[in-house]
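Engineer: One predicted model, sequence on top.
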Amino acid sequence: MHKELLNLQLQQLQHKLEQCTKCPTMFGPPVHGLPVTSKVMLIGQAPGFKEIELLKPELIILVGKLAISQFMTIKKLDEVIGKTHPLSFNGHSFDVIPLPHPSGASTWPLKEPGTTLLQQAMKKIKQHPSWKHLNCRID
């Protein structure tokens, strides 16, 4: 029953997000897929704070400088990529592993120290207990 209620809450949240007009220069509705209940959460552009409250993830993967800056102070990517950062939000503790944005516009992950730090970050994700529980492969 708990999972059904959680899915319903996530669907309601997605519906509210689709109606959001707080960013007038943003094109189209926010992009999302079907609600997924998981102990691993990926955050791109949107902060996802309500989802954190609902899902209580154990691992959050932050993708890109914008998402990273919503959770921690960052000047340069090499200060945070390749490390696990323990954080908490509204009394819920979780690990954060930041990744660079995969856009082809950035050469950061293609040259040092980006290449090595990205490999370290992917290894940390692969070794995290919550990721292992998913039985997912990272090659």
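Structural biologist: Noted; the coordinates are in hand. What you are looking at is a predicted structure, and each value in this text was computed from that prediction instead of being measured.

Engineer: neighbouring contacts of stretch 80-92?
Structural biologist: 49, 52-53, 56, 60, 68, 71-72, 74, 93-100, 114, 116-121, 124, 128 (CB atoms under 8 Å, 6 or more residues apart in numbering). C-beta: built from backbone N, CA, C; applies to glycine.

Engineer: Who are the packing partners of the top helix by length along the chain?
Structural biologist: In the chain, assigned by DSSP state H, the helix with the most residues is helix 2-18. For helix 2-18, the packing partners by 3 or more CB pairs under 8 Å, 6 or more residues apart in numbering; DSSP states H and E come out as helix 49-55.

Engineer: next one: the helix it packs on to chain centre, how far?
Structural biologist: Distance of helix 49-55 from the chain centroid (CA atoms, centre = their mean, to the nearest Å) equals 12 Å.

Engineer: Can you list the buried residues in that helix?
Structural biologist: Of all the residues in helix 49-55, those buried under the rule 16 or more other CB atoms under 10 Å are Glu51, Ile52, Leu54, Leu55.

Engineer: list the contacts for the first one?
Structural biologist: Contact partners of Glu51, counting by CB under 8 Å, 6+ apart, are Leu10, Leu13, Met41.

Engineer: just the last one next, same as before
Structural biologist: Each residue near Leu55 by CB under 8 Å, 6+ apart is listed here: Leu6, Leu10, Thr37, Ser38, Lys39, Met41.

Engineer: can you tell me which two in these are farthest apart?
Structural biologist: Spatially, the most separated pair among the contacts of Leu55 is Leu10 and Lys39, at 14.4 Å (CB to CB).

Engineer: buried subset of the contacts of stretch 80-92?
Structural biologist: Counted by 16+ other CB under 10 Å, the contacts of stretch 80-92 give 52, 56, 60, 68, 71, 74, 94-100, 114, 117-118, 120-121, 124, 128 as buried.
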